[in-house]
Structures are given as C-alpha cells and as structure tokens.
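A.B. asks: next input, structure requested:
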Amino acid sequence: MLGFTKRFQSIAGCRVAFYHRGTGPAIVLLHGMPTSCYLWRDVVASLQRNFQVVAPDLLGLGDTFGPMDVDHSLQGQASLLVGLLGRLEIEEAVLVGHDIGGAVAQILALELPRRVRGLVLVASAAYDNWPVPVIRMFQRLAEHPLAWRMAIRAGIMRKVGLAEQGFRRGVHFPGSLRDEDIDEYLRPSRLSSSSREHLRRLLISLDNRETQQLGHRLGEIECPSLVLWGAEDAFLSPHWGRRLRTDL
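C.D. replies: Modelled structure (predicted):
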C-alpha cells in the first residue's frame, strides 16, 4: 500500500481506518470525494514534525467499513469522527477539510465549538455548490444497484478517473498525479464488494440540503478560520470560497 500504514479503530460498529502520526497539538485532515486519507500523505509527512496528525478515511471511501445500514450522510460521518477523536483522547483540534470533508468540518465547528480550535476549508463543499457533475453521474448509477454493479465490473471508475472530467482534471500540474495514485484511490472498490456497496450507499445519501442548512449558520462559527481555493479550480469556482470567507 502507498502512503503511511493505516491504523484501525472500532467506532459505533464500524472499522475506521486512519493515519495517525506525530505528537503535539492535534490537526485532523478530512478528505473529499472520491479520494481517501491518502490524499493528505505529503501534508501528513510535513505536519507530523510539530503536530499530532489524524487523517481518517470517510465511510464509503478508503478502508473504513461498517454495517450497511449505518448512516453514510455528512452528519453520520461527523459522528464517526467524534467517536474516533474520543477513542484517541483528543479533546480539541484544528480541522482541515477538503470537498465533503470540508462540510463535515463545518458540522463539527457548529456542533462542538469548544473542541474545534481552528477551521481550514480547502475547496470545500458548501451551500449548493455540489455534487459536481461527475459525481452526479455516479449518483444516478448508484440509484440502480444492477446498473451500478455492471458499471463497476466494466471498470467505469478507472475509466472516468483517467478521463479529463475525473482525477486528472483536478490537478494543476499534470505530473503530480501518477497512475499508482489513482490506483490507490480506487483500490478498495476494485478489490471488495462490500466496499463497492458502501460507496454506492454513500453516493445515494449525499445531497446538498445539509450544506445549505449549514450555510445559514456559518456566522455562528467563532474559531479562527481560513478558506483556501485554487484560482483555476476545475470543479468549484473560487467565488464559492469568497462567499464562504464573507459568511465566516
């Protein structure tokens, strides 16, 4: 496996996979769709020199598994993270969230303000700016289990991942995303039928109603906050970042 060795904790009937490196003040890194904690490998390598870094796999992505009837929504993901931090005895942390990981971070900053020391939103899902078109395509497939299984067998995840509208469109420097990186992101769904089903359930559970509700409350967040956005982001226009900055 590429990246760091993952650790596992049993949380609310789920087996949560995560990186856990370094010591010091805690920073939690939350990836988005359709990646895993592997997204943060270089960031973890840098931050672990001065911080305790936790980077979990969200349920339905990476190597986090659980009962099929578990809550795959953003709120469900936030609850699993709270359980993980409790198990690791982390009382407070800075949260860094990308894509839907940013939405999970928003939930925690609002619901557990005393435990969130700071908030960093990196090209974050917010308001109604998501799901982006390529994810909507997968959502439509996920609504039909038979079509989903046939598409997975046909290798659609890999084919779309290598297409212009997929993984490669999301990086600025073409050489910064290797074939083996894409393979690592897709590995769980390629090797495990239960992982594919968790991914399907995650897709059908996601909509932007949760983030639209969060958007009305962003002004309640009092911790120091930073919004980071790529000026040439191919999926989410920087104007969403400017809106988040204003509302925060």
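A.B. asks: report the buried residues of the lowest-mean-pLDDT helix or strand in the chain.
C.D. replies: Scoring the helices and strands of the chain by mean pLDDT, DSSP states H and E places helix 156-162 at the bottom, with a mean of 75. For helix 156-162, the neighbour count (16 or more other CB atoms under 10 Å) marks 156-158, 160-161 as buried. Using the backbone N, CA and C atoms, a C-beta is placed for each residue, glycine as well.
A.B. asks: quick check: of those, which lies closest to Glu143?
C.D. replies: Nearest to Glu143, judged by CB to CB, of the buried residues of helix 156-162 is Ile156 at 14.9 Å.
A.B. asks: how close does that closest one sit to His31?
C.D. replies: As defined by CB to CB, to the nearest Å, Ile156 lies at a distance of 21 Å from His31.
A.B. asks: equivalent analysis for Gly102, please.
C.D. replies: For Gly102 relative to His31 (CB to CB), the value is 10 Å.
A.B. asks: could you do Arg200 as well?
C.D. replies: To His31, Arg200 is 19 Å away according to CB to CB.
A.B. asks: cool, and Asp207?
C.D. replies: Asp207 is 19 Å from His31, by CB to CB.
A.B. asks: of these two, who's got more company?
C.D. replies: Applying other CB atoms under 10 Å to Asp207 and His31 shows that His31 carries more neighbours, namely 27 against 14.
A.B. asks: neighbours around the closest residue to the more buried one other than its chain neighbours, how many?
C.D. replies: Distances taken as CB to CB, 6 or more residues apart in numbering place Leu39 nearest to His31, at 4.4 Å, with adjacent residues excluded. By other CB under 10 Å, the residues close to Leu39 number 23.
A.B. asks: can the buried residues of helix 156-162 go into CSV with extra columns for distance to Ala12?
C.D. replies: Converted to CSV, those look like this (distance: CB to CB, whole Å):
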residue, distance to Ala12
Ile156, 31
Met157, 28
Arg158, 32
Val160, 32
Gly161, 30
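A.B. asks: out of those residues, who's nearest Ser189?
C.D. replies: Met157 (6.0 Å).
A.B. asks: now for that closest one: which residues touch it?
C.D. replies: Met157 makes contact with 34, 186, 189-190, according to CB atoms under 8 Å, 6 or more residues apart in numbering.
A.B. asks: can you pick the most crowded of those?
C.D. replies: Neighbour max across the contacts of Met157 (other CB under 10 Å) = Pro34, 24 neighbours.
A.B. asks: what strand or helix carries that one?
C.D. replies: Using DSSP states H and E, Pro34 sits in no helix or strand.
A.B. asks: correct me, but it touches Leu61?
C.D. replies: Yes. With contact defined as CB atoms under 8 Å, Pro34 reaches Leu61; the gap is 6.5 Å.
A.B. asks: wait, a strand at Val53?
C.D. replies: Yes. Checked against DSSP: H, G, I helix; E, B strand; the rest coil, Val53 lies within a strand.
A.B. asks: distance of it relative to Gly175?
C.D. replies: Distance from Val53 to Gly175, by CB to CB: 26 Å.
A.B. asks: these two: which has the busier surroundings?
C.D. replies: Val53 (28 against 6).
A.B. asks: list the beta-bridge partners for that one.
C.D. replies: Arg21, Ile27 (DSSP bridges).
A.B. asks: what helix or strand is Tyr127 located in?
C.D. replies: Counting by DSSP H and E, there is no helix or strand that carries Tyr127.
A.B. asks: quick one: pLDDT of the nearest residue to it once chain neighbours are set aside?
C.D. replies: Among residues not flanking Tyr127 along the chain, Gly215 sits closest, at 4.6 Å (CB to CB, 6+ apart). Listed pLDDT for Gly215 reads 96.
A.B. asks: tell me where the model's unsure across the chain.
C.D. replies: 1, 161-165 (pLDDT under 70).
A.B. asks: cool, thanks, signing off.
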